[in-house]
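K.L.:
Could you look at this predicted model? Sequence included:
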Amino acid sequence: MLQAVNVSMASLNLTTLSPMLVAVGGALLILIIDLLKKDMTKSLYVMLSVLILFVDFGAVLSLSINERGLFDLMLIDGISIVSQLIILLASMLFIPLALTQKRFHEYAYPEYFALFLFMVAGFQFMVATDNLILIFIGLETASLALYTMIAMHNTRGSHEAAIKYFTMGAMAAGFYVMGSAVIYGISGTVELSEVSKILLERMSEAGIALPIIGASILLLVAIGFKVSLMPFHMWTPDVYEGSSAPMAGYMSIVPKLAMMVVAIRVLSFYIDIGMEPVRYMVIALAVVTMTFANIMALVQFDVKRMLAYSSISHAGFVMAALALDTTKAYSGIFLYYGLFLFTNLGAFTMLWITRHKQKKYHSRFHHPYEKFAGLIHSAPMGAVIMAIFMLSLTGVPPFSLFWGKMYIISATVDAGYIWLAVIMALNSAIAAYYYLKLVVYMFLKPKPEGVEAIGVNSSRPLIVIVGIAAAVTTFSVFLMEPMLSYINYMVSVSGY
């Protein structure tokens, strides 16, 4: 006979769901407002989205550390809180760009903002659980919303980008499901905290190592597609090129951070149970990614594609820290992305300075290097800010990413991988060429004859967002101590 099971609200601990419920409820509210009154100004939806994200941010800060909820599906540890804060901060910087004078087509639709909030909720679910099924649900919720938002840019390039992203995302989802199925088959559970205990007990069994390694390969391929690791990066430059510049900058940060958290949870238990081949695979992917992405970035003619390959290289750089499996290395990942979000989102947003819809500088690309020649004369402040972002991406002190790179390299040396630290440093030196190339064009190259100088969108929201990004990039040295203290504490109490 079936027996009734009493479930108390206290045991569900629904407060662990509060941040996601804020985002989902906000998305539904936007849709309801649009149904009731069609002619509302789109500025209302922008400000409402920012308010919802702000409330979501507060809900995350109010969470208690190391709690579980919803039948133990939700995991609120330090890593989930830090990653959610970074995701929400990047989102709050992105959404106000819709208020600029030169608006993109997709900002005309209330559905865009609802999809954005659904996407944020999906990413939050990804980082706030160690259940393989809930991770997949969060991944697909965020991905499907993101595909649609890219297509809503409503250009031929954006439609192509959305289809390519959807195809690659479907492949990643397939590999993830297959890897999860193998893990379930050999452990009997999809809870990663339990999987590591069961596999540790079964490691002495004959033939068990092969399916464990097989599952790791499948999951690494899925992670590689989502984080843009080589050779699974093929979609990234084309998708970034077809998307709007701010959306490309957002995609270079938030989806990758969310998948990095999943990678921490999945791969750390492999390393903990002594599967060193998995560690070596991660290191190999990291080295190949950062090296070949830098080489590809060297030969790009378009600044947007250069930044796309640059973001691939940065993902490889961060992936190297993942293989170390130390508290300092994991702290370095969140420090890096916390700083990277201001620099890279700012750099992509600065591509929005042109007022030309036609390709006046190149037959194919919207943002060739020649377009920025002589920018110091036509838009001196824009040139200086873009130079700050380029110097930060290069790793020049005292700009923000210098501290992130040095911290991860320091963690690599502390873990005994000196040769890997040397490769990371050499790749940073190689990257300096294509970053500084743009600086040379802006400050030293003359404007092409007979071509109108590019202008700057001087609307207040853009000035504020870019100003915040540039200020954090420039003066981040004063934020290092509190940021590191907070991140180190959060990672240490998570047990990683």
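P.N.:
Yes, it's here.

K.L.:
where along the stretch 351-496 of the chain do the helices fall?
P.N.:
For the stretch 351-496 of the chain, the helices defined by DSSP state H, counting those that start in this stretch cover 375-378, 380-394, 400-414, 418-444, 460-475, 480-492.

K.L.:
Let me know whether L229 touches V318 as I believe.
P.N.:
No - between L229 and V318 there is no contact under Cβ atoms under 8 Å: 10.4 Å. All C-beta atoms are positioned from the backbone trio N, CA, C, and that covers glycine.

K.L.:
hang on, M119 packs against T148?
P.N.:
No - M119 is beyond contact range of T148, at 9.1 Å (criterion: Cβ under 8 Å).

K.L.:
Comparing these two, which residue is more hemmed in?
P.N.:
Comparing M119 with T148 by other Cβ atoms under 10 Å, the one with more neighbours is M119, at 26 against 17.

K.L.:
The more buried one looks like it's in a strand, true?
P.N.:
No - counting by DSSP: H, G, I helix; E, B strand; the rest coil, M119 is not found in a strand; it is helix.

K.L.:
So which residues of the protein form strands?
P.N.:
67-69, 74-76 (DSSP state E).

K.L.:
can I get those in a markdown table with mean neighbour count, mean pLDDT and distance to A373?
P.N.:
Formatted as a markdown table, those follow (neighbours: other Cβ atoms under 10 Å; pLDDT from 0 to 100; distance: least, Cβ to Cβ, whole Å):
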| stretch | mean neighbour count | mean pLDDT | distance to A373 |
| --- | --- | --- | --- |
| strand 67-69 | 17 | 80 | 55 |
| strand 74-76 | 24 | 86 | 50 |
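
K.L.:
Quick one: closest of the ones you listed to A161.
P.N.:
Using Cβ to Cβ as the measure, strand 74-76 is the one of these that comes nearest A161, at 33.1 Å.

K.L.:
For the stretch 51-200 of the chain, which segments count as helices?
P.N.:
Assigned by DSSP H, counting those that start in this stretch, the helices in the stretch 51-200 of the chain fall at 78-94, 110-127, 132-151, 156-187, 192-202.

K.L.:
closest one to F389 among those?
P.N.:
That would be helix 78-94 among these, by Cβ to Cβ, at 13.6 Å.

K.L.:
With just CA atoms, put the closest one into CSV.
P.N.:
Provided in CSV are the C-alpha atoms of helix 78-94 (Å, rounded to 0.1, in the frame of the first residue of the first chain):
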residue,chain,number,x,y,z
GLY,A,78,29.5,30.2,-0.9
ILE,A,79,30.3,29.4,-4.5
SER,A,80,26.6,29.7,-5.5
ILE,A,81,26.2,33.0,-3.7
VAL,A,82,29.3,34.6,-5.2
SER,A,83,28.5,33.4,-8.7
GLN,A,84,24.9,34.6,-8.5
LEU,A,85,26.1,38.0,-7.4
ILE,A,86,28.5,38.3,-10.4
ILE,A,87,25.7,37.2,-12.8
LEU,A,88,23.3,39.8,-11.4
LEU,A,89,25.9,42.5,-11.4
ALA,A,90,26.7,41.9,-15.0
SER,A,91,23.0,41.8,-15.8
MET,A,92,22.4,45.1,-14.0
LEU,A,93,25.2,46.7,-16.1
PHE,A,94,23.8,45.3,-19.4
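
K.L.:
how about the strands of the chain in CSV, adding distance to Y369?
P.N.:
Listed next are these as CSV, based on distance: least, Cβ to Cβ, whole Å:
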stretch, distance to Y369
strand 67-69, 50
strand 74-76, 46
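
K.L.:
Nearest to Y45, out of these?
P.N.:
Among the strands of the chain, the nearest to Y45 by Cβ to Cβ is strand 74-76 (29.0 Å).

K.L.:
helices or strands up against the closest one?
P.N.:
Here strand 74-76 touches strand 67-69, going by 3 or more Cβ pairs under 8 Å, 6 or more residues apart in numbering; DSSP states H and E.

K.L.:
contacts for the strand it packs on?
P.N.:
Strand 67-69 has contacts (Cβ atoms under 8 Å, 6 or more residues apart in numbering) with 12-17, 74-76.

K.L.:
again, 6 Å this time
P.N.:
Outside strand 67-69, the residues that touch it by Cβ atoms under 6 Å, 6 or more residues apart in numbering are 13, 16, 75-76.

K.L.:
of all the residues you listed, which two lie farthest apart?
P.N.:
Checking the contacts of strand 67-69 against each other with Cβ to Cβ, the farthest-apart pair comes out as N13 and L75, at 11.1 Å.

K.L.:
Mean pLDDT lowest where, among the helices of the stretch 351-496 of the chain?
P.N.:
The minimum mean pLDDT among the helices of the stretch 351-496 of the chain belongs to helix 375-378 (a mean of 80).

K.L.:
which helices and strands does that one pack with?
P.N.:
Contacts defined by 3 or more Cβ pairs under 6 Å, 6 or more residues apart in numbering; DSSP states H and E place helix 375-378 against helix 418-444.

K.L.:
list the buried ones in the helix it packs on?
P.N.:
Under the neighbour-count criterion of 16 or more other Cβ atoms under 10 Å, helix 418-444 has 420-421, 423-424, 427-428, 431-432, 434-435, 437-439, 441-443 buried.

K.L.:
show me the contacts for G249.
P.N.:
Per Cβ under 6 Å, 6+ apart, neighbours of G249: 344-345, 348.

K.L.:
Please render those residues as a markdown table that adds neighbour count to the earlier fields.
P.N.:
Shown next, in a markdown table, are the contacts of G249 (neighbours: other Cβ atoms under 10 Å):
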| residue | neighbour count |
| --- | --- |
| N344 | 27 |
| L345 | 26 |
| F348 | 28 |
